[in-house]
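**Q** Predicted model and sequence below, questions to follow.
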Amino acid sequence: MMGSPSPLGADLEAIVAAAIRAVQPEQLLADRATELKQFLMPAGRPHPGRIVVVGAGKAAAGMAAGIETLLRPAGAIPTLLTGLVSVPEGSTRPLELIEVRATRPAGANLPTPRVVEATRAILAMLAGMDRNDLAIVLISGGGSALLSAPREGVSLEETIAATRFLSAQGADIGSLNQVRRAACAAKAGGLARACAAGRMLVLVLSDVIGDPLEMIASGPCMPAAANPAAALAILETYGAVRAGVAAHLVRLLRNDLAHPAPALVAAAGGTPASTWTTPRGCCVEHIVLGSNATAVDAAAAEARRLGYDTLLRHALAGIPAADCTVDSIGIRLAEEGLGLAAEAARRGRPLAVIEGGEATVTLPADHGVGGRNQQTVLVAVNHIAEQPEWPANLLVASLGTDGEDGPTDSAGAVADAAIAAELRADRPTLTRAIARCDSLPLLERAGGLIRTGPTGTNVADVRILLAGA
């Protein structure tokens with residue numbers, strides 16, 4: 001799985017495995033079994049009405065399997081259970097009553113016609129329920145691209161063009177989701193407002209730092225109306241309007257501004273409420289099962305078990321965008337790593353830093369192949385290349401918990417002394433790879449890729465510094 005065969009590489013593998021294991025959806029559901037069974041089996045008996053399970057995301061298959069597992073001890077899965085979840089290729093699994101449908105290729109985080117077909121089927125299932133029924137919505141990272149129903153007047157091709165353009169300009173996930181919510185009828189509370197059931201339980205595995213429910217998968221069950229002014233401002237800021245991208249969407253947003261929709265329910269302070277009642281009378285309740293912090297905590301616990309004195313750093317929402325680019329994060333990791341290696345040698349004890357978050361990258365027009373985690377590690381290697389040599393006791397790694405890093409089959413990258421020496425051997429090639437965001441070929445040759453395969457979960461990224469004694 002890891003590129004490095006060194007002792008530090010073996011420790012990294014154990015730490016990464018612990019992080020991913022901690023956010024496996026079936027285990028997270030099992031951990032909340034008592035709480036969830038109050039919804040699934042009121043008074044200890046199967047739910048009296050139908051249970052319809054729908055959802056989208058990289059963890060949706062495991063979440064659906066966990067729901068079926070929770071119901072099984074009641075004697076049998078209710079014959080009135082049905083459902084459909086949208087997942088990437090490679091993430092499907094056969095279930096008894098819930099359909100798991102692959103709707104987009106692995107590594108291509110954009111909606112497809114199959115995504116739109118599945119989303120419209122999900123909306124129809126929810127609309128066909130009645131007051132005695134329970135809807136369960138499963139939401140996890142990747143859900144925005146796996147749940148898409150373009151608004152009338154906006155084509156799928158246009159929404160894809162807008163997303164690609166903004167991503168290439170370095171827009172963060174919050175900006176992308178603002179535009180997605182404005183363009184899609186299933187987002188910004190669209191699933192909840194379509195539901196005719198009396199109750200909806202929304203189970204969330206968060207890939208957004210701080211767990212803002214209106215941002216995760218673009219808030220399909222939150223009372224957070226799309227913000228046309230914010231979406232239009234983002235398109236203008238990044239140059240999409242000037243470039244002629246998403247012209248129909250821009251026209252629709254300007255019309256929305258001229259004819260604003262009625263305000264939806266919000267909690268004190270203007271924050272959308274996680275528990276609310278839709279205009280159709282469906283009572284909606286959200287439960288966050290796990291998040292980036294869950295993975296970071298587990299990784300830190302494993303590092304401590306392996307003997308590292310460990311600094312744990314939960315990424316915070318609201319960090320300035322300039323501090324979240326791959327360049328700034330890569331340089332910061334390099335400088336911190338140099339200090340950590342020196343301190344570990346001085347103390348005679350291994351040290352570790354583990355943090356969560358997600359970097360942003362701006363792609364050049366002639367970009368190559370890679371991902372934000374691979375690029376972050378290359379930047380760190382290039383920065384330390386200013387030193388006479390890479391510390392023999394230092395390892396730097398960055399990876400996505402979903403097993404994907406950009407449009408590649410790699411979860412991320414790792415560099416230790418041996419890998420860094422290979423990368424630094426041809427400095428001009430290294431700097432060109434960074435300039436073109438062409439990290440994967442160079443890292444593959446150096447043995448610096450981390451490959452886990454699809455993990456069945458997604459809670460953003462984990463970055464790791466290890467310094468041996």
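**A** Perfect, thanks for sending it.
**Q** Any stretches of the stretch 201-350 of the chain with poor pLDDT?
**A** For the stretch 201-350 of the chain, the stretches flagged by pLDDT under 70 are 261-272, 316-322.
**Q** ok, 90 please
**A** 208-210, 212, 214-215, 218, 223-231, 240-253, 255-274, 312-324 (pLDDT under 90).
**Q** For the stretch 351-469 of the chain, which segments are assigned as strands?
**A** For the stretch 351-469 of the chain, applying DSSP state E, counting those that start in this stretch gives strands covering 351-357, 394-400, 412-415, 449-450, 461-467.
**Q** who does the third one pair up with?
**A** According to DSSP bridges, strand 412-415 forms sheet pairs with strand 394-400 (antiparallel), strand 449-450 (antiparallel).
**Q** Deepest-packed of these, please.
**A** Across those, averaging neighbours per residue (mean count of other C-beta atoms under 10 Å) puts strand 394-400 on top, at a mean of 29. For every residue, glycine as well, the C-beta is placed using N, CA and C.
**Q** Let's see stretch 94-111 as CSV, backbone CA atoms only.
**A** Output of stretch 94-111 as CSV, limited to C-alpha atoms (Å, rounded to 0.1, in the frame of the first residue of the first chain):
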residue,chain,number,x,y,z
PRO,A,94,-24.9,-6.6,-3.3
LEU,A,95,-27.5,-6.0,-0.7
GLU,A,96,-30.8,-7.7,0.0
LEU,A,97,-33.3,-4.9,-0.5
ILE,A,98,-31.4,-1.7,-1.1
GLU,A,99,-30.0,-1.1,-4.6
VAL,A,100,-26.4,0.1,-4.7
ARG,A,101,-26.0,1.7,-8.2
ALA,A,102,-22.6,2.8,-9.7
THR,A,103,-23.3,6.1,-11.4
ARG,A,104,-19.9,7.6,-12.2
PRO,A,105,-16.4,6.3,-13.0
ALA,A,106,-13.9,6.0,-10.1
GLY,A,107,-11.6,9.0,-9.9
ALA,A,108,-14.0,11.2,-11.9
ASN,A,109,-15.6,13.5,-9.4
LEU,A,110,-18.3,14.9,-11.7
PRO,A,111,-22.0,14.0,-12.3
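**Q** if we can go back for a sec, looking at the strands of the stretch 351-469 of the chain, which is nearest to residue 11?
**A** Nearest to residue 11 among the strands of the stretch 351-469 of the chain is strand 461-467 (6.1 Å), distances taken as C-beta to C-beta.
**Q** Quick check: residue 53 is in a strand.
**A** Yes: assessed by DSSP: H, G, I helix; E, B strand; the rest coil, residue 53 belongs to a strand.
**Q** Okay, residue 279 and residue 196: tell me how far apart.
**A** In this view, residue 279 and residue 196 are 11 Å apart by C-beta to C-beta, to the nearest Å.
**Q** neighbour count winner among these two?
**A** residue 196 (16 against 11; other C-beta atoms under 10 Å).
**Q** confidence score at the more buried one?
**A** If you check residue 196, the pLDDT there is 98.
**Q** show me what contacts it?
**A** 126, 127, 128, 129, 130, 131, 133, 280, 282 (C-beta atoms under 8 Å, 6 or more residues apart in numbering).
**Q** run the last query once more with 10 Å
**A** Each residue near residue 196 by C-beta atoms under 10 Å, 6 or more residues apart in numbering is listed here: 126, 127, 128, 129, 130, 131, 133, 135, 278, 280, 281, 282.
**Q** Quick one, which of those residues are buried?
**A** 126, 129, 133, 135, 278, 282 (16 or more other C-beta atoms under 10 Å).
**Q** For the stretch 201-350 of the chain, which segments count as helices?
**A** 228-237, 247-258, 292-305, 326-347 (DSSP state H, counting those that start in this stretch).
**Q** ugh, wrong one, I meant the stretch 51-200 of the chain
**A** For the stretch 51-200 of the chain, the helices defined by DSSP H, counting those that start in this stretch cover 60-71, 113-127, 143-146, 156-168, 173-183, 190-194.
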